[in-house]
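**Student:** build the 3D model from these lines:
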Amino acid sequence: MLKKLSLILVVSVITSVQIAHAQQPAKVPRIAYVAAASLAANANRVEAFKQGLRELGYVEGKNIVVEWRFADGEDSRLPALVAELLRLKIDIIVAGGPSVTGVAQRATSTIPIVMGFHLDPVGSGVIASLARPGGNITGLSSLSPEISGKQLELLKEVVPALSRVAIIGNSTEPGYAQVLKELELAAGALKLKLQLRDVLDGKDIESTYQAARKERADAVLLLNSAVLNSHRAQLVDLAVKRRLPAAYPFPQYVEAGGLMSYGTNYSDLFRRAATYVDKILKGRTPADLPVEQPIKFEFIINLKAAKQIGLTIPPQVLARADKVIK
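**Tutor:** You can find the predicted model right below:
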């Protein structure tokens with residue numbers, strides 16, 4: 001009888017333990033999305049990333065938690081934002097741009113970092129190679145310096161008499177040197193003179209446009225920069241007021257009233273970034289996940305903006321546009 005009672009007790013304890021384990025909720029992964037620009041400037045990328053998560057079965061607040069952080073164009077805020085996230089013991093950092101990747105890389109060598117995009121991850125020393133990144137960083141590379149040459153070509157087609165182009169960018173952005181090299185090659189072939197304008201702070205934008213006009217620039221080409229991206233409305237407004245045709249790196253500039261954009265489809269990159277999050281959560285290591293490059297590019301023209309500055313877009317250029325805003 002005593003043996004029987006002991007057996008029942010043992011079985012009861014085992015069953016209780018099994019039930020307790022079964023009732024324990026599975027750990028909900030906590031990831032961080034960090035961007036140098038503002039939420040408004042990142043809206044399309046954020047939505048694309050969320051879409052990527054949804055396509056993979058992730059529901060925010062249910063089976064995944066996302067900590068969103070934005071530096072509003074002030075890179076100096078990034079170290080504090082990343083440090084705060086590390087204290088929350090996040091599982092993965094999704095970097096919204098090169099400056100975020102650099103800060104995150106210096107802050108941790110163990111937590112996986114997924115690049116939403118990086119202009120030159122190999123040249124900047126962020127990863128060992130595209131095929132085998134090594135370390136704790138992987139994701140997407142947006143390095144396509146030939147795009148800048150194509151932008152110059154489009155400006156020349158739109159403005160046949162073009163001779164001087166103001167190049168506005170940020171020299172601290174990774175990949176800047178490669179982009180300038182490509183621009184100089186293209187400018188030589190197109191017989192264009194480039195006026196380089198380095199904008200490190202938003203307060204320099206107004207004076208940059210004044211200088212471009214003073215030096216008789218016929219058009220403006222904006223490079224990718226977190227500082228510039230956070231001041232899209234101002235940049236578009238200045239170009240219109242000074243009647244300067246302008247080529248931009250992202251469609252958001254054109255949607256805000258800019259003339260045209262040609263470049264990498266960044267929304268597609270951030271949608272694809274979600275697949276890296278999924279693979280890492282399922283046990284893959286960043287070191288062994290190859291870094292992927294852009295596969296989608298887009299050309300957008302705003303006819304309303306063209307009319308505002310008295311410009312007629314040639315039919316052959318309109319025919320090549322992926323989207324025309326009327």
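
**Student:** leaving out the residues flanking it, which one is nearest to residue 78?
**Tutor:** residue 103 (4.4 Å; CB to CB, 6 or more residues apart in numbering). Every residue, glycine included, has its C-beta placed from N, CA and C.

**Student:** quick check: buried residues in whichever strand or helix holds the one you found?
**Tutor:** Assigned by DSSP states H and E, residue 103 belongs to helix 98-107. Using 16 or more other CB atoms under 10 Å as the test for burial, helix 98-107 gives 98-105, 107.

**Student:** with stretch 42-55 instead?
**Tutor:** Result for stretch 42-55 [16+ other CB under 10 Å]: buried residues 42, 44-46, 48-50, 52-53.

**Student:** so where do the helices sit in the stretch 1-150 of the chain?
**Tutor:** For the stretch 1-150 of the chain, the helices defined by DSSP state H, counting those that start in this stretch occupy 2-23, 43-55, 78-87, 98-107, 146-158.

**Student:** looking at these, which has the lowest confidence?
**Tutor:** With a mean of 50, helix 2-23 has the lowest mean pLDDT of these.

**Student:** one step back: which of the buried residues of stretch 42-55 sits closest to residue 225?
**Tutor:** The closest of those to residue 225 turns out to be residue 42 (CB to CB; 13.8 Å).

**Student:** isn't residue 236 right next to residue 250, touching?
**Tutor:** No: assessed by CB atoms under 8 Å, residue 236 is found out of contact with residue 250, at 11.5 Å.

**Student:** tell me which helix or strand the spatially closest residue to residue 321 that is not a sequence neighbour sits in.
**Tutor:** Computed as CB to CB, 6+ apart, the closest residue to residue 321 that is not its neighbour in sequence is residue 301, at 4.7 Å. Residue 301 belongs to strand 297-302 when assigned by DSSP H and E.

**Student:** just the mean pLDDT for that strand, thanks.
**Tutor:** Computed over strand 297-302, the average pLDDT equals 95.

**Student:** stretch 199-206 too?
**Tutor:** Mean predicted lDDT for stretch 199-206 stands at 91.

**Student:** and that stretch, which residues are buried?
**Tutor:** Neighbour-count burial for stretch 199-206, counted by 16+ other CB under 10 Å, picks out 199, 205.

**Student:** ok, residues contacting that stretch?
**Tutor:** 73, 168-172, 208, 225, 227-228, 230-231, 234-235, 238 (CB atoms under 8 Å, 6 or more residues apart in numbering).

**Student:** where does the chain dip in pLDDT?
**Tutor:** By pLDDT under 70, the low-scoring segments of the chain are 1-25.

**Student:** and the strands in it?
**Tutor:** 30-35, 65-70, 92-95, 113-115, 137-139, 164-169, 193-198, 219-222, 246-248, 260-264, 297-302, 323-325 (DSSP state E).

**Student:** what are the ranges of the helices in the stretch 151-300 of the chain?
**Tutor:** Secondary structure of the stretch 151-300 of the chain (DSSP H, counting those that start in this stretch): helices at 176-190, 205-214, 226-229, 232-241, 251-255, 266-281.

**Student:** quick check: which of those helices is nearest to residue 325?
**Tutor:** Per CB to CB, nearest to residue 325 of the helices of the stretch 151-300 of the chain: helix 251-255, 6.4 Å.

**Student:** need the contact list for residue 120.
**Tutor:** Neighbours of residue 120 in contact, by CB under 8 Å, 6+ apart: 98, 141, 143, 174-175, 178.

**Student:** give me phi/psi at it?
**Tutor:** phi -160, psi 70 (degrees, to the nearest 10).

**Student:** what sits closest to it if chain neighbours are left out?
**Tutor:** Spatial nearest neighbour of residue 120, excluding adjacent residues (CB to CB, 6+ apart): residue 175 at 3.7 Å.

**Student:** thought the one you found was touching residue 119?
**Tutor:** Yes: using CB under 8 Å, residue 175 is in contact with residue 119, at 3.0 Å.

**Student:** please enumerate the shared neighbours of those two.
**Tutor:** Overlap of the contact sets of residue 175 and residue 119 (by CB under 8 Å, 6+ apart) consists of 98, 143.

**Student:** surely residue 293 meets residue 143?
**Tutor:** Yes: here residue 293 reaches residue 143: they are 7.1 Å apart, a contact under CB under 8 Å.

**Student:** let's have the buried residues of stretch 42-55 in CSV, adding distance to residue 31.
**Tutor:** Converted to CSV, those look like this (distance: CB to CB, whole Å):
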residue, distance to residue 31
42, 16
44, 19
45, 15
46, 13
48, 15
49, 10
50, 12
52, 12
53, 9
